[in-house]
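Trainee: need the 3D shape of this:
(one chain, ligands or ions: 2)
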Amino acid sequence: MNSPSASSSTASLVLEGVRKVFPTGDTEVVAVDDVHLEIAPGEIVALVGPSGSGKTTLCSIAGGILTPTSGRVVVAGTDISSFSAKELTGFRQQRIGFVFQSVNLVPFLTARENLLIVDELGSRRRADARRRADQLLDELGLADRAGNLPSQLSGGQRQRVAIGRALMNQPGLVLFDEPTSALDTKLGDQVMQLIHTEMKARSTAAIVDTHDERITRYADRTVHMSDGRLGSMPLAAAH
Ligand SMILES: Nc1ncnc2c1ncn2[C@@H]1O[C@H](COP(=O)(O)OP(=O)(O)OP(=O)(O)O)[C@@H](O)[C@H]1O
Ligand SMILES: [Mg+2]
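Mentor: Numbers count the residues shown, from 1 in each chain. Ligands and ions are numbered 1, 2, ... in the order given. Next comes the predicted model:
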């Protein structure tokens, strides 16, 4: 069970022939169609495409939030394609980080508590978790905001807390769904710079979903998505 192929054991993510069909009334929507993608440790991939092209669906499948209709999903050598919902939940908590456009911080918890909540589900000792949360907040420039509620933070600061939360369990793969769309250009650049620094420092692989072509300069590779299908831009055309 879960025996990885030679290449999938080294890659942080391998998608093979992934397809997702949503039944909607009489018809069906093919949201993701025959996607092949391999991401190396520490590699940042920008996933760019118009609204409805399937970016969020693809990230949700890569992160085990959705199961594909067909195809294989291998995360750091573990084939999660046929995991049960319960197995997926455990796998996600330990191995994958998510940062969503809407941030989704818990409004009545402080910045630090929003990081520690991840650990409630994990196995780390309380004091170790607290140390890790404070270290992350410090690295993210939020040491003096650790006790603030989300409502007492700026949009960029909230986004940074969400990044810290995604990194709490030291995942091998972090999925960012439109991480800068709620931010102005300057803050968006700062957040992308931060994502770049954090991913490279930890050799963590990332997919960054975006409408925004400017994001691509922070990525190692840009993959374009259209009508559920992927197509890579030649390097020269991407710059
Ligand atoms: N749960 C669902 N049920 C039915 N159709 C869905 C569902 N989720 C997504 N879709 C459809 O699948 C397609 C891809 O949606 P998806 O959210 O992945 O696109 P996206 O590229 O992330 O778009 P956006 O840039 O607007 O966020 C769309 O046509 C959408 O309507
Ligand atoms: Mg989306």
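
Trainee: phi, psi for the residue nearest to G172 when sequence neighbours are not counted please.
Mentor: Using Cβ to Cβ, 6 or more residues apart in numbering and skipping the chain neighbours, the partner closest in space to G172 is A76 (4.6 Å). C-betas here are computed from N, CA, C, even on glycine. Main-chain dihedrals, A76, degrees, to the nearest 10: phi 50, psi 40.

Trainee: my guess is S226 meets G52, correct?
Mentor: No: assessed by Cβ atoms under 8 Å, S226 is found out of contact with G52, at 9.8 Å.

Trainee: and L47, how many neighbours?
Mentor: By the measure other Cβ atoms under 10 Å, the count of residues near L47 is 28.

Trainee: in the helix ranked longest in the chain, what's buried?
Mentor: Across the chain, the longest stretch assigned as helix under DSSP state H is helix 185-202. Under the neighbour-count criterion of 16 or more other Cβ atoms under 10 Å, helix 185-202 has 187-192, 194-196, 198-199 buried.

Trainee: related to what we said a few turns ago, wait, the residue nearest to G172 touches P171, no?
Mentor: No: between A76 and P171 there is no contact under Cβ under 8 Å: 9.1 Å.

Trainee: so the residue in the chain positioned nearest to ligand 2 versus E213, what's the distance?
Mentor: Of the residues in the chain, the one nearest ligand 2 is T56, at a distance of 3.1 Å by Cβ to the ion. The gap separating T56 from E213 is 18 Å, by Cβ to Cβ, to the nearest Å.

Trainee: more neighbours, these two?
Mentor: Just comparing T56 and E213: by other Cβ under 10 Å the higher neighbour count belongs to T56, 20 against 12.

Trainee: find the nearest non-adjacent residue to that one, please.
Mentor: Ranked by Cβ to Cβ, 6+ apart and with sequence neighbours excluded, the top spatial neighbour of T56 is D177, at 5.6 Å.

Trainee: so what's the residue count around the one you found?
Mentor: 20.

Trainee: list the contacts for it?
Mentor: Taking Cβ atoms under 8 Å, 6 or more residues apart in numbering as the criterion, D177 is in contact with 55-56, 59, 98-101, 209.

Trainee: now, among those residues, which is nearest to Q159?
Mentor: Of all the contacts of D177, V99 has the smallest distance to Q159: 7.5 Å, by Cβ to Cβ.

Trainee: for the closest one, give the beta-bridge partners.
Mentor: Beta-bridge pairing for V99 (DSSP bridges): F176.

Trainee: got a list of what it touches?
Mentor: V99 touches 159, 162-163, 166, 174-177, 179, counting by Cβ under 8 Å, 6+ apart.

Trainee: try 10 Å
Mentor: 159-167, 174-179, 191, 195, 206, 208 (Cβ atoms under 10 Å, 6 or more residues apart in numbering).

Trainee: show me which of the residues you listed are buried.
Mentor: Here, 16+ other Cβ under 10 Å leaves 159-167, 174-179, 191, 195, 206, 208 buried among those.

Trainee: among those residues, name the ones in strands.
Mentor: The strands, defined by DSSP state E, take in 174-177, 206, 208 from those.

Trainee: stretch 165-185 near ligand 1 at all?
Mentor: No: between stretch 165-185 and ligand 1, judged by Cβ under 6 Å from any ligand atom, nothing touches; the nearest distance is 6.6 Å.

Trainee: most remote residue from the middle of the chain, which is it?
Mentor: Largest separation from the mean C-alpha position in the chain: D26, at 32.6 Å (Cα atoms, centre = their mean).
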